[in-house]
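Asks: Sequence first, predicted coordinates after that:
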Amino acid sequence: MLMGDEAFAEVAGRYENKAYAYAVIIPDGLKGYKPAPPAPVHGILIRLAAESDSRIEVDASYNTLEYRSVREASVGDTEWFVKRCGGSWRAESDPTTLGSLPALHIKITCIQGGGNSSHTVLDGVIAIRQTPANQMLGVIYSVTLETTEQRYADDKKVYEQILRSFKLSEG
């Protein structure tokens, strides 16, 4: 994605996704990017620095794979990152909340050659909003930070602001 690309619309301040019934606040000085119409909009991507690939993604999608637990959804949601790490990664996880939903916090660090600055970190919180069995599929919500270990402490502050601002709405 290129900033200024007409395929993406810029968002600042409060971002609300009515289709998936949630909202977050983009911190001052940052901008989010969402697909421009008529593309479907699941969430936003926030670039944290022009000179790096560090970013935060806020996403929601229907639970079409019918994950039965947040842990199962987190494995499916992070599988691409683990594959990118090759055989060298470490992970930690613990229960948390996202808005009012029970959630799972997972942090995965790719262990690559060289110093810590080359290690890539994926820090995510994933939750499922269940619906009654006779209605549509539930919704999987995720807020993820992808950055380097060198930038992690600073980027995590912004990430935590966004996590704290996450609110569900009626949907």
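Replies: Received, thanks. Keep in mind the model is a prediction, meaning the values are calculated, not measured.
Asks: part of a strand, is R84?
Replies: No. Using DSSP: H, G, I helix; E, B strand; the rest coil, the assignment for R84 is helix, not a strand.
Asks: Quickly note the distance from it to I44.
Replies: Distance, R84 to I44, by C-beta to C-beta, to the nearest Å: 22 Å. (Each C-beta comes from the backbone N, C-alpha and C, glycine too.)
Asks: Which one of the two is surrounded by more residues?
Replies: Legend: neighbour count by other C-beta atoms under 10 Å for R84 and I44, higher for I44 (23 against 12).
Asks: which stretches of this structure form helices?
Replies: 70-85, 152-165 (DSSP state H).
Asks: Please tabulate these in CSV and include distance to Y15 as additional columns.
Replies: As requested, the helices of the chain are exported to CSV (distance: least, C-beta to C-beta, whole Å):
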stretch, distance to Y15
helix 70-85, 20
helix 152-165, 9
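Asks: Between those helices, which one is closest to G124.
Replies: helix 70-85 (6.6 Å; C-beta to C-beta).
Asks: Output the contacting helices and strands for the closest one.
Replies: Secondary-structure packing of helix 70-85 (3 or more C-beta pairs under 8 Å, 6 or more residues apart in numbering; DSSP states H and E): strand 89-98, strand 101-110, strand 120-129, strand 139-148.
Asks: one more time with 7 Å
Replies: strand 101-110, strand 120-129 (3 or more C-beta pairs under 7 Å, 6 or more residues apart in numbering; DSSP states H and E).
Asks: now the last one against strand 89-98, angle please.
Replies: Looking back up the chat, that one is strand 120-129. Per axes from the mean of the first three to the mean of the last three C-alpha atoms, to 10 degrees, the angle that strand 120-129 makes with strand 89-98 is 40 degrees.
Asks: Now strand 120-129: average pLDDT?
Replies: In this model, strand 120-129 has a mean pLDDT of 95.
Asks: packing partners for it?
Replies: helix 70-85, strand 89-98, strand 101-110, strand 139-148, helix 152-165.
Asks: Give me the residues contacting the fourth one.
Replies: Judged by C-beta atoms under 7 Å, 6 or more residues apart in numbering, the contacts made with strand 139-148 from elsewhere in the structure are 20, 22, 48, 54-63, 73, 77, 98, 117, 119-129, 155-156, 159, 162-163, 166.
Asks: can you dump the C-alpha coordinates of it into PDB?
Replies: Taking Å, rounded to 0.1, in the frame of the first residue of the first chain, the C-alpha atoms of strand 139-148 are listed here in PDB:
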ATOM      1  CA  VAL A 139     -17.100 -11.600  14.200                       C
ATOM      2  CA  ILE A 140     -13.300 -11.900  14.800                       C
ATOM      3  CA  TYR A 141     -11.700  -8.700  15.900                       C
ATOM      4  CA  SER A 142      -8.000  -8.100  15.900                       C
ATOM      5  CA  VAL A 143      -5.600  -5.300  16.700                       C
ATOM      6  CA  THR A 144      -2.000  -6.100  15.800                       C
ATOM      7  CA  LEU A 145       1.300  -4.300  15.900                       C
ATOM      8  CA  GLU A 146       4.100  -5.400  13.600                       C
ATOM      9  CA  THR A 147       7.400  -3.800  14.300                       C
ATOM     10  CA  THR A 148      11.100  -4.500  15.100                       C
END
